[in-house]
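Q: I need the structure of the sequence given here:
(chains A and B)
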Number of protein chains: 2
Amino acid sequence: MGALDEGHFCAELENGVGLGCPELGFEEEPETIAIEDAVKVLLHGLGEDVNREGLVKTPLRVAKALREGTRGYKQRVKDIVQGALFPEAGLDNAVGQAGGSGGLVVVRELDLFSYCESCLLPFQVKCHVGYVPSGQRVLGLSKLSRVADVFAKRLQEPKRLADEVCMALHHGIKPAGVAVLLQCLHIHFPNLESVFLKPNHKGWLKSLVCSGSGVFENENAESWTDFLSLLKCRGTNVDRTSTRHSNEQSWCPSQSYSCAKTSSKIEPVNQAMVTGVTSILRSLGEDPLRKELLGTPARFVKWLMNFQNTNLERKLNGFAFSRVNAVETDKEASGKEKQIQSELELPFWSQCEHHLLPFHGVVHIGYMGAEGLDPIGKSLLQSVVHFYGFKLQVQERITRQIAETVTSFLGGDVIVVVEADHTCMISRGIEKVGSSTATIAVLGRYATDSVARAMFLQNLPRPTACEE
Amino acid sequence: MGALDEGHFCAELENGVGLGCPELGFEEEPETIAIEDAVKVLLHGLGEDVNREGLVKTPLRVAKALREGTRGYKQRVKDIVQGALFPEAGLDNAVGQAGGSGGLVVVRELDLFSYCESCLLPFQVKCHVGYVPSGQRVLGLSKLSRVADVFAKRLQEPKRLADEVCMALHHGIKPAGVAVLLQCLHIHFPNLESVFLKPNHKGWLKSLVCSGSGVFENENAESWTDFLSLLKCRGTNVDRTSTRHSNEQSWCPSQSYSCAKTSSKIEPVNQAMVTGVTSILRSLGEDPLRKELLGTPARFVKWLMNFQNTNLERKLNGFAFSRVNAVETDKEASGKEKQIQSELELPFWSQCEHHLLPFHGVVHIGYMGAEGLDPIGKSLLQSVVHFYGFKLQVQERITRQIAETVTSFLGGDVIVVVEADHTCMISRGIEKVGSSTATIAVLGRYATDSVARAMFLQNLPRPTACEE
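A: Numbering: from 1, shown residues only, chains lettered A, B, ... in the order given. From the prediction side, this is the model:
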């Protein structure tokens, strides 16, 4: 069953490198089994039933995603570059001469993703890579993308990723120089504690890094001006002075969790989870004792515990639902005519229970009322959204749960739209970077009155022009 | 050598379906060898030397790309959907009730690509797919993408693609209804003859198609209004009245080549090419006698012959270079001071010699002169661009060739920038949809004067806001 219905893992990678023992199926390989065991420990630590139907294959899915997402450890640049170097007459060492060299070649806007070595979450990379050919050799264009991907598919940090891609291409092509510029985007989840305090929390951290060799080694070289001009005419307007030059200061938000402090008060169950994550790192072929990875398991576990099954029940139960009836009663007493009211773009943060990967976005809620909500009502809605968000979830369920819950204080006519970006859709070999998912739940009048539904849906916010 | 340096083909696909005989390597499989043989016939028909270094592995590359790009013939939806259907309490047949059903689920903006059955060129697909769950079952979100991809990875036509995805999901999920909306983009190469006559030739043809089942079967159903509203708030503003409802009128520009007429005067070498393409169709698992494929080999060959090696030499030689010196001489005689002159956004069309796939874009040319070019000079530049475009090419070479050629009438100080989208970067498993490649060649003063270079590069056109 498993191999067929969940999709058989492609053990033989495109560049001729097997991921493990060729005799064993992916699911029987010791690395896979070790990761699955560790994921079960994590689920247990979250207070989940590992045998519940939505979770029963999660360990295998996570193992598959992680091994696929770090396959770069087993790939060799030489295998990719060899055989894709083509002779081009008239390309010699005279940089920039058409009669001699072909000048700069730049491939812009390659969408990649990588795994943050500091917190194990995937991050997005917009990669721009160029080189100045030399020695009568050019590289097949798609190989620039493939080589970059070899290093992206590892546990990474933006600056090191740029350096490794640059050096690999430099040694592979032996050009006059290589330039790599990466625009990286790291999801920034709020903590369960901070999310209520900082409603305007920004969901992304950016990092701009570059790396150069040969004629690009000097960061003030004219070649960089040419390279950046060619990015600019594609709409990528970057200021190199804002690039990070070392990986000393980490960009990962998990670094600020100050695990040193928390590790002293780590609960026993969490210690088992930390050990589990350490074993995952080892199964991926990493050295858990590598300096940058030392704190990673503890940071990952601390982050994951945001989604502990019972966490918010305790915190919110007393507060939220005691205020509910007051709001509703006030409204009915006012006697005004009810019309469509909307609360739009309530942020939410959640964790996909199928892949243990984050998804996040906004919730729009419509109801019928005489007037809009007061600030207390609004913060109540937001609390409900966080209540269902900070759990292992699926988007369909959270949409329905929010609808069913808010009906107790917004009345029986409710429409809820959830719009989300799923990390599991951009990583894991799906790599549908621009995709986004919308779900609707409707109750009462919204279920039958298509005009009311259409009026609410028409008022949903549109993306502003050229959003990043 | 071959298996390692070009990348070993992944014969075992992700969904557990082998592409051919499991005992044979990809390169030894009879289907691969048959396609390679046919590609050699095509190259020969183009007047190319199949043993020249840039082409020697082209047959294998084409075979790999085509078999990978049509792997959907061997994939089964059942294998993908099974095991990814999750129970969600509260989802029953009562459409649209949160307490009953979870309402509509929409995944928006999935980037796919497919192969046009009419001309064998890849076309891009922006896929939006939704369904209304029923029977307490939801499908893992990424499976919507995977199922759509099974049908995209075949020789297709937009309307059939939409119908097949819709039906497959309907049978797989057994929901209350499925909606599929595809925005398709087909490259539209000009003919070698027409390119000079229609300088404003549009490079793309669009097709908007949709397909619905269950609650979406009636195209005026309220469910469609909900679905389209959710696309709209993501910026996809489509008017369903503009969708095509049948596949009777073909969207493919090759249909207008009127092959019936040309087939009577087909040359013997072309007939061998047509037979070769027919054999390729068979090797991919298609039936060349299927109605829609009957004219495809002849259309593909007719299109490919645009890139015949010696075609343009004959047509242009007399015209272009006899006028060259006149232009230059006029300039020098005027005695005015030379400054940077630009001719921007000259369209070009070419064919990648590594993959036999089109690439196209614009050429920007800078030189030093007393004044800009007259119309004859401009059309001369455009002729040079087409001259080098309509061939089997690589972007680095065409950039250098244009620079070296125009120097004879624009003077010794020349800079050429070529910006191109490569079909081989969006198909073939690379699938870097947004990527684009820029190359520079510089001669004379532009090679040494970085200020002149920067001035020219700064004036390159930027993308206008929110370009499609």
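Q: Low-confidence stretches in chain A?
A: Within chain A, the segments meeting pLDDT under 70 span A:1-24, A:89-102, A:199, A:240-242, A:244-249, A:257-269, A:310-335, A:427-431, A:464-468.
Q: domain ranges for it?
A: Domain assignment for chain A, taken from automatic domain parsing, gives A:2-66+A:258-305, A:71-253, A:311-458.
Q: what sits against the residue lying closest to residue A:123 once chain neighbours are set aside?
A: Closest residue to residue A:123 apart from its sequence neighbours, by CB to CB, 6 or more residues apart in numbering or on different chains: residue A:186 at 4.4 Å. (Glycine included, C-beta is placed from N, CA and C.) Applying CB atoms under 8 Å, 6 or more residues apart in numbering or on different chains to residue A:186 gives the contacts A:116, A:121, A:123, A:204, A:205, A:206, A:207, A:251, A:252, A:253.
Q: Relative to residue B:238, how far out is the second one?
A: What that stands for is residue A:121. From residue A:121 across to residue B:238, the span is 34 Å (CB to CB, to the nearest Å).
Q: And the strands in the stretch 1-150 of chain A?
A: Under the criterion DSSP state E, counting those that start in this stretch, the stretch 1-150 of chain A carries strands at the ranges A:85-87, A:105-116, A:122-132, A:137-139.
Q: Identify those among the contacts of residue A:186 that sit within helices.
A: Nothing among those maps onto helices, per DSSP state H.
Q: circling back to that earlier point, just want to know which of residue A:121 and residue B:238 has more residues nearby.
A: More crowded of residue A:121 and residue B:238, by other CB atoms under 10 Å in any protein chain shown: residue A:121, with 20 against 15.
Q: now the strands of the stretch 1-150 of chain A as TSV including distance to residue B:359?
A: TSV is the format used below for the strands of the stretch 1-150 of chain A (distance: least, CB to CB, whole Å):
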stretch	distance to residue B:359
strand A:85-87	15
strand A:105-116	12
strand A:122-132	17
strand A:137-139	14
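Q: quick one: stretch A:69-83 near chain B?
A: Yes - part of stretch A:69-83 sits near chain B under the criterion CB under 8 Å from any CB of the partner chain, namely A:79, A:80, A:82, A:83.
Q: would you turn these into a markdown table with distance to residue B:296 and neighbour count?
A: What follows is the residues of stretch A:69-83 next to chain B, written out as a markdown table (distance: CB to CB, whole Å; neighbours: other CB atoms under 10 Å in any protein chain shown):
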| residue | distance to residue B:296 | neighbour count |
| --- | --- | --- |
| A:79 | 35 | 21 |
| A:80 | 33 | 28 |
| A:82 | 35 | 15 |
| A:83 | 31 | 16 |
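Q: In helices, which of the residues you listed appear?
A: Taking DSSP H as the definition of helices, the residues of stretch A:69-83 next to chain B contribute A:79, A:80.
Q: Just send the strands of the stretch 1-150 of chain A back as TSV, with mean neighbour count and distance to residue B:439 too.
A: Listed next are the strands of the stretch 1-150 of chain A as TSV, based on neighbours: other CB atoms under 10 Å in any protein chain shown; distance: least, CB to CB, whole Å:
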stretch	mean neighbour count	distance to residue B:439
strand A:85-87	17	14
strand A:105-116	23	5
strand A:122-132	25	9
strand A:137-139	20	9
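Q: Which among these is found nearest to residue A:358?
A: Proximity to residue A:358, assessed across the strands of the stretch 1-150 of chain A by CB to CB, is greatest for strand A:122-132 (8.9 Å).
Q: Which strands or helices does the closest one pack on?
A: strand A:105-116, helix A:141-152, helix A:158-173, strand A:177-187, helix A:222-232, helix A:423-426 (3 or more CB pairs under 8 Å, 6 or more residues apart in numbering or on different chains; DSSP states H and E).
Q: For residue B:31, find the nearest of these.
A: Using CB to CB, the helices and strands packed on strand A:122-132 put helix A:141-152 closest to residue B:31, at 22.7 Å.
Q: residues in contact with that closest one?
A: Contacts of helix A:141-152 (CB under 8 Å, 6+ apart): A:15, A:72, A:75-77, A:80-81, A:84, A:105, A:107, A:110, A:112-114, A:125, A:127, A:129, A:131, A:161, A:164-165, A:168-169, A:172, A:180, B:7, B:395, B:422, B:424-425, B:428, B:430, B:432, B:435, B:437.
Q: Kindly recompute the last result at 6 Å.
A: A:72, A:75, A:77, A:80, A:84, A:107, A:110, A:112, A:114, A:127, A:129, A:161, A:164-165, A:168-169, B:425, B:430, B:432, B:437 (CB atoms under 6 Å, 6 or more residues apart in numbering or on different chains).
Q: cool, and stretch A:406-419?
A: So stretch A:406-419 is contacted by A:324, A:327-328, A:361-368, A:384, A:395, A:399, A:402-403, A:438-446, A:456 (CB under 6 Å, 6+ apart).
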